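Undergrad: Got a predicted structure here, sequence first:
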Amino acid sequence: AQKITQTQPGMFVQEKEAVTLDCTYDTSDPSYGLFWYKQPSSGEMIFLIYQGSYDQQNATEGRYSLNFQKARKSANLVISASQLGDSAMYFCAMNSGGSNYKLTFGKGTLLTVNP
Amino acid sequence: GAVVSQHPSRVICKSGTSVKIECRSLDFQATTMFWYRQFPKKSLMLMATSNEGSKATYEQGVEKDKFLINHASLTLSTLTVTSAHPEDSSFYICSASVHPGQGAVEQYFGPGTRLTVT
């Protein structure tokens, strides 16, 4: 079984500052994938970044980076230079071959960027 | 990029009627499609996994006779909520998976369908 834990129900950040959203995971599969999605108030799920369990380097996509610490089973999302449009719900998720690639989601973190 | 569409985006129906929601992958062939349900301010809950040409696999607690899933082609899956009741009101989201490489399976989500049953 897979489990994703997001312990921050809500986070606030000042515009232009960086913010870290926490995510820890648990799985018995040696091969797995970690994902971050953004869900604005419109409801659509926007894929942000992916990290494979065997990837040696942390994934980066523009202002998003994933701080992957395999031994700690953590996959925190770092958003640099926050923008007002970053205000949204953020979900951490994982899948693996053992789960037939079904995504397991965390409960989400509501990020609010203040001007 | 991979685009997934859903139709309709919003639907209001009367209790006892059935509603069909379509999920299409527009620019790629999806081997698998997933259907999720999301309650307000909650996370996504997987309802079922749909593979083209085969029966859907439902998660525990999801009534397969109530939520009928048909996956007729590699680009289309449909979810029919039969005999809808107010408690079925929710946000339904589909996703389509691609296999970009060994061990990496990404899912791309549709924009969601907001169902309100009166």
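TA: Looks like it came in fine.
Undergrad: and residue 65, what does it touch?
TA: No chain in the question, so chain A it is. Residues in contact with residue A:65, defined by Cβ atoms under 8 Å, 6 or more residues apart in numbering or on different chains, are A:49, A:58-59, A:77-78, A:80. Yep, even glycine has a C-beta here, placed from its N, CA and C like the rest.
Undergrad: wrong one, I was asking about chain B
TA: Applying Cβ under 8 Å, 6+ apart, we find residue B:65 in contact with residue B:82.
Undergrad: Give the closest residue to the residue in chain B that chain A sits nearest to in space, chain neighbours not counted.
TA: Distances between chain B and chain A by Cβ to the nearest Cβ are smallest at residue B:109, namely 3.7 Å. Once flanking residues are discounted, residue B:109 sits nearest to residue A:45: 3.7 Å by Cβ to Cβ, 6 or more residues apart in numbering or on different chains.
Undergrad: And for residue A:3?
TA: residue A:26 (4.4 Å).
Undergrad: and the one you found, how far is that from residue A:94?
TA: According to Cβ to Cβ, to the nearest Å, residue A:26 stands 9 Å off from residue A:94.
Undergrad: Looking at these two now, which is surrounded by more residues?
TA: Higher neighbour count among residue A:26 and residue A:94: residue A:94, with 25 against 12, using other Cβ atoms under 10 Å in any protein chain shown.
Undergrad: What separation do you get for that one and residue A:6?
TA: 12 Å.
Undergrad: quick one: secondary structure of residue B:87?
TA: helix (DSSP: H, G, I helix; E, B strand; the rest coil).
Undergrad: re earlier: which residues touch the residue of chain B closest to chain A?
TA: Here residue B:109 is in contact with A:37, A:44-47, B:4, B:93-95 (criterion: Cβ under 8 Å, 6+ apart).
Undergrad: likewise residue B:32?
TA: Residue B:32 touches A:101, B:49-51, B:96-97, counting by Cβ under 8 Å, 6+ apart.
Undergrad: ok, now with 10 Å
TA: Residue B:32 sits next to A:100-102, B:49-52, B:57, B:71, B:74, B:77, B:95-99, B:105, B:107 when contact means Cβ atoms under 10 Å, 6 or more residues apart in numbering or on different chains.
Undergrad: likewise residue B:95?
TA: A:37, A:45, A:47, A:103, B:4, B:23, B:25, B:30, B:32-36, B:44, B:46, B:77, B:106-110.
Undergrad: How about residue B:17?
TA: Counted by Cβ under 10 Å, 6+ apart, residue B:17 has contacts B:81-84, B:117.
Undergrad: Name the nearest residue to the spatially most central residue of chain B, ignoring sequence neighbours.
TA: Central residue of chain B (Cα atoms, centre = their mean): residue B:35, 3.2 Å from the mean position. In this structure, residue B:35 finds its nearest non-sequential neighbour in residue B:47, 4.6 Å apart by Cβ to Cβ, 6+ apart.
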